[in-house]
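Colleague: got a predicted structure here, sequence first:
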6 protein chains.
Amino acid sequence: MMIEKICIINPNSLDTVTKGIDAALQPLRRPEGPSLECFTLADGPPGIQTQRDADAAIGPLVRKVASLEPTASAFVIACFSDPGLHSLREMTPKPVIGIGEAGMLTALTLGQRIGVIAILAGSIPRHLRYYGAMGIRDRLAAELPVNLSVAELADRQRTLMRMTEVGKTLRDAHGADVLVMGCAGMAALRAQLQQEVRIPVVEPCQAAVAMAIGLVQLDWHRA
Amino acid sequence: MMIEKICIINPNSLDTVTKGIDAALQPLRRPEGPSLECFTLADGPPGIQTQRDADAAIGPLVRKVASLEPTASAFVIACFSDPGLHSLREMTPKPVIGIGEAGMLTALTLGQRIGVIAILAGSIPRHLRYYGAMGIRDRLAAELPVNLSVAELADRQRTLMRMTEVGKTLRDAHGADVLVMGCAGMAALRAQLQQEVRIPVVEPCQAAVAMAIGLVQLDWHRA
Amino acid sequence: MMIEKICIINPNSLDTVTKGIDAALQPLRRPEGPSLECFTLADGPPGIQTQRDADAAIGPLVRKVASLEPTASAFVIACFSDPGLHSLREMTPKPVIGIGEAGMLTALTLGQRIGVIAILAGSIPRHLRYYGAMGIRDRLAAELPVNLSVAELADRQRTLMRMTEVGKTLRDAHGADVLVMGCAGMAALRAQLQQEVRIPVVEPCQAAVAMAIGLVQLDWHRA
Amino acid sequence: MMIEKICIINPNSLDTVTKGIDAALQPLRRPEGPSLECFTLADGPPGIQTQRDADAAIGPLVRKVASLEPTASAFVIACFSDPGLHSLREMTPKPVIGIGEAGMLTALTLGQRIGVIAILAGSIPRHLRYYGAMGIRDRLAAELPVNLSVAELADRQRTLMRMTEVGKTLRDAHGADVLVMGCAGMAALRAQLQQEVRIPVVEPCQAAVAMAIGLVQLDWHRA
Amino acid sequence: MMIEKICIINPNSLDTVTKGIDAALQPLRRPEGPSLECFTLADGPPGIQTQRDADAAIGPLVRKVASLEPTASAFVIACFSDPGLHSLREMTPKPVIGIGEAGMLTALTLGQRIGVIAILAGSIPRHLRYYGAMGIRDRLAAELPVNLSVAELADRQRTLMRMTEVGKTLRDAHGADVLVMGCAGMAALRAQLQQEVRIPVVEPCQAAVAMAIGLVQLDWHRA
Amino acid sequence: MMIEKICIINPNSLDTVTKGIDAALQPLRRPEGPSLECFTLADGPPGIQTQRDADAAIGPLVRKVASLEPTASAFVIACFSDPGLHSLREMTPKPVIGIGEAGMLTALTLGQRIGVIAILAGSIPRHLRYYGAMGIRDRLAAELPVNLSVAELADRQRTLMRMTEVGKTLRDAHGADVLVMGCAGMAALRAQLQQEVRIPVVEPCQAAVAMAIGLVQLDWHRA
């Protein structure tokens, strides 16, 4: 029997982010599959901070998905803004899951008021438009940024400290009882962050891949 | 290594429903687990058609979950009204997933306007209250009942025909582009129904167990 | 002519709470009725702080209402979480009013942005689900807890001080222009609290019984 | 002891409407009060069909309320568009209840999806704006007009037949499980209409006066 | 060819406000028209601070519009509460634009979360009802008052300072990324305010007249 | 003095559509400007029917706007899905208006319940996501497609007939009191369509350019 394959595509061109995602999926891997293969979008933007970055990733994503489609059973778009999600869904009836969507939906099962930790303030209006498109804005407590530069994010200890600060503000001043990490590649910090804030923390890549595995096993397509 | 166990509890007392659920989970089972064990709530109501039925299931559910908790890694409540969901979440930090919630959330990834096929008209106000509590009512196209008695439901061919009729009405008159089967134990009809209506159909028990498996593998707790 | 009777059921087992409710109804009593009779749910939980408490009250409530139904004209459930409300409405076509529902609806006529004073932080997610189910979440300014233990609540002066503090925060930081006391049995503090915060304060038991009296006099049933 | 007085003001100039309202309040009257006195707004418009009519009633209403204020304990505005409601609330801290508001809020306790029977199609956008302002639009199933002229409304049998038709459409095609009569002065038809449609029917003048009586007895003011 | 005329009506009786509005429209004037003529409502209230003021302006507004209608192509109501907007729309099929409506809608194109700067705290509930009626409340970040008296408002420097303070609070504490000046006659402060807060600032009279010019040029009527 | 220039970009590659848009702007042109220049996106998709088409237009749009930016005062994106709107807003502080957004916002001033006439059924979920992102979904009565192929659309008489049919269904069965043409390039049919349906009809390119002219004249930028 052929093992099914889920392709997780990091729509930016940074291999280190892809490696972080790949490591985070370890607990979801099983011998009999589906296999979880992570890809870097070599011709994607170097990071997705703006709407322009998100939109610029769509063309390369479409090409990547087209090339992977014959051998893949499902796709996960590993950027919290879910670039190209609906374009990709038009290309293939196989499951395509965005980590923004899956992160938020999973959070709905873990708490009543979602607090989102964004990297940059400038991403928040884009995320708000997305929550509105999803029709779940009533469940958002607030979204706040850590406002760290890429260089600063490399310092994991500092990043954890900032995320903890922001997470506690979301919890105490905005009433959040579940947090979502509004970014990819930070899964290594999830458990510590949850320990600090003492409310559930959702890492969206893991949440998305878990949903994709389910859809693949159930063989649910969109047509 | 111990295999993790997910307990799926059918909150009514009908073994045939439990058997239907159990069979539907076959594609989600894997050798290394988690194991998926289905339980009938022997002291639950014979069916959950009314709010009274749903509420009457909570006490027995709580006792069942308490007895299973030491050896279980997660719970799924296999009734579309998700009776006792938040009581159970207070009892254990382990994942507790309701099939109503998981069915609707999974549908959000498969279409824009959800059509729900209810068994009885009398359940719809209860479901509407629940969608409101979840904060996702904007995504509901409509919910319509098949209005078949328990005896009639036993006739699978007839049930499929009624579900197909209702599904087509949800699609054509209400604009639904994804359907949710608003009940447990009908998974055997899902694929045929989807073939007939040509839009994705979500079977909520399968959707819920898939989400629960992911949470167990990720070892995500609520505290 | 027989005097009609409205049964107000305190779903916890504390007689002192029932007595507080009973005293609060004095201004609503009139010689020609309806009579307002308060009941303690002897086999209810000792207090309703959790969803589990709320759900545990439903069975005893159903039995109590069944025993009272032949001679009652309406029922009021005197707990802000309105446990069992829809189960009870299925049992009898006579009016059944929850104090949570009636407190919030009455507040809608007294201000634009409702601030709710909860006893415990842990009740707030449950209340938010309920406001969502009612479809009135847009009118909530915020809900904040006084976070006093049962022992501390017995100190009325301290309770009033904490409620005043929380009420002023709801008014000044969250823009509330009407407050709801999110609990039963505190009616004795209402007038003083309103005097302190200088915006209207709704005591939900009184609000609910007033609505029930109206429905009884109009002889409005649900079928 | 002085008996309290609630002033119900029909903001159109038709005495027959006022008489209909007055008769409808009979079940709410009690010897010890409050007394329920109905007034015709002699200088109001002859009927309130348009926004212009509604707005034109405000000036006369304000003057009427000013003249009645010294001896009144509460006011009810007996037009479904609740003209001047917030102006009047600024004039007096005493309860001022609109029948549109009270009719809808009372319906929220009697069903999940409200169907409103309007007299004229042209009133519906105005009512929709109002439900939006109240923040309860999610609970509206639909609003449909009987589209009868004033002359035709005088034929009670015909009016009942049209209301029954519209009510059944609201119930069967739009899923309403409670109806509100979106007008004043039709209380005499309420019981028959409910019998025909077999779901609860709210007559808004009665609902509003019942709420006003409660507020008066509780001595709740807005300041 | 006759030049079209848009009549901008200041519904309060203060000529200085009208003059401020008139000056603000200078950039929108063009030789070939439409001409922009500003009118003071001589028999309007001296200022519109309360709902009563707003309602009191409707009668005079209706008369003014009736007198201007034969020679006007469109109307703008220059008060942020848009008094009489829907009455006036019933009187004439020509465009009638309210500055509250146009200010908010224009802001929707300039940012994701609108912060509104009100003059008085007491106006905010009225505005909130209006945003609800418009169905755009999800886009409001917050509305906060400058709380300056009419005398204080005459001190432009002080007003600018207070507006800047409030604008920065809306931006920093409430996440607003666009501001609306919730009043008429302050256009002279717009550019400076925007410079201070560094997010777009909408002056609603200018926004409304710009929309009205477009409708006139397109010759769009309501019937 | 230099005349300001507004660049209207048709993001598909069909010159005939651009010509239709250009002709539609005639009533908005004035000697002293701003000048209204229409551009075809030569390297855009041949039509925008899918999300993939919309996303594929963004790259070319960005390049086009970059090349025009030095001499343009504002931009209008002439496709109802507003592709790239927020990317373009990041590129320039000058006004960028999408016709989908402007069409819907203008409709909010002309009626209470918007009916949208789409070309294809497949576009409706994409539009619904957009209305959700805009936060205006409560104002949508319904959106229905004419379902005509490109070839069929060339037959103007037939297109008008289908639009009239769909418009009447939106009005009569869904309660719409204003219509929006959910496409570009059909302005020539607007007046006739409005005459047939007797409720206002918004042509979104005209609505968007009118808003852009206002912003240019006011010199309102986003920073």
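Modeller: Now that the structure is in, tell me what you want to look at.
Colleague: hmm, A:Ile124 is touching E:Ala141, no?
Modeller: No. At 11.2 Å, A:Ile124 and E:Ala141 do not qualify as touching, with contact defined as C-beta atoms under 8 Å. Just so you know, the C-beta spots here come from the backbone N, C-alpha and C atoms, and that holds for glycine as well.
Colleague: got any residues that touch both of the two?
Modeller: E:Gly175 (C-beta atoms under 8 Å, 6 or more residues apart in numbering or on different chains).
Colleague: what is the longest helix along chain A packed up against?
Modeller: Longest helix in chain A, counting residues (DSSP state H): helix A:156-174. Secondary-structure packing of helix A:156-174 (3 or more C-beta pairs under 8 Å, 6 or more residues apart in numbering or on different chains; DSSP states H and E): strand A:114-118, strand A:140-145, helix A:150-153, strand A:178-182, helix A:190-197.
Colleague: sheet-wise, list the partners of the fourth one with their directions.
Modeller: If you go by DSSP bridges, strand A:178-182 pairs up with strand A:114-118 (parallel), strand A:201-202 (parallel).
Colleague: OK, contacts around the closest residue to A:Ala184 other than its chain neighbours?
Modeller: Leaving aside its sequence neighbours, A:Ala184 sits nearest to A:Ala78 (C-beta to C-beta, 6 or more residues apart in numbering or on different chains; 4.7 Å). Listed by C-beta under 8 Å, 6+ apart, the contact set of A:Ala78 reads A:Ile8, A:Ile9, A:Asn10, A:Pro11, A:Thr18, A:Ile21, A:Cys38, A:Ile99, A:Ala184, A:Gly185, A:Cys205, A:Ala208.
Colleague: bridged to the second one, which residues?
Modeller: Translated: A:Ile9. Residues in beta-bridge contact with A:Ile9 (DSSP bridges): A:Phe39, A:Ile77.
Colleague: per-residue pLDDT, it?
Modeller: As predicted, A:Ile9 sits at a pLDDT of 98.
Colleague: that one: neighbouring residues, count only.
Modeller: Neighbours of A:Ile9 under the rule other C-beta atoms under 10 Å in any protein chain shown: 28.
Colleague: the residue in chain A positioned nearest to chain D: what secondary structure?
Modeller: Chain D sits closest to A:Asp138 of chain A, with a gap of 10.3 Å, by C-beta to the nearest C-beta. Secondary structure, DSSP: H, G, I helix; E, B strand; the rest coil: A:Asp138 is helix.
Colleague: quick one: it from chain C, how far?
Modeller: Distance, A:Asp138 to chain C, using C-beta to the nearest C-beta, to the nearest Å: 6 Å.
Colleague: tell me the two of the contacts of A:Ala78 that are most distant?
Modeller: Longest distance between any two of those is 14.5 Å, between A:Thr18 and A:Ala208; criterion C-beta to C-beta.
Colleague: could you pick out the residues of chain A near chain E for me?
Modeller: Proximity of chain A to chain E, by C-beta under 8 Å from any C-beta of the partner chain, involves residues A:Ile124, A:Pro125, A:Leu128, A:Arg129, A:Gly132, A:Arg137, A:Ala142.
Colleague: C-alpha coordinates for the helix or strand of chain A with the lowest mean pLDDT, CSV please?
Modeller: Across the helices and strands of chain A, mean confidence by mean pLDDT, DSSP states H and E is lowest for helix A:150-153: a mean of 83. Taking C-alpha atoms only, helix A:150-153 is exported to CSV below (Å, rounded to 0.1, in the frame of the first residue of the first chain):
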residue,chain,number,x,y,z
VAL,A,150,13.6,39.2,12.5
ALA,A,151,17.0,39.6,14.2
GLU,A,152,15.4,39.8,17.6
LEU,A,153,13.2,36.7,16.9
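Colleague: hmm, back to that, hey, least reliable of the helices and strands packed on helix A:156-174 by pLDDT?
Modeller: Looking at the helices and strands packed on helix A:156-174, the weakest mean confidence is helix A:150-153, a mean of 83.
Colleague: next, the residues that contact it from outside, please.
Modeller: With C-beta under 8 Å, 6+ apart as the criterion, helix A:150-153 contacts A:Gly47, A:Ile119, A:Arg158, A:Thr159.
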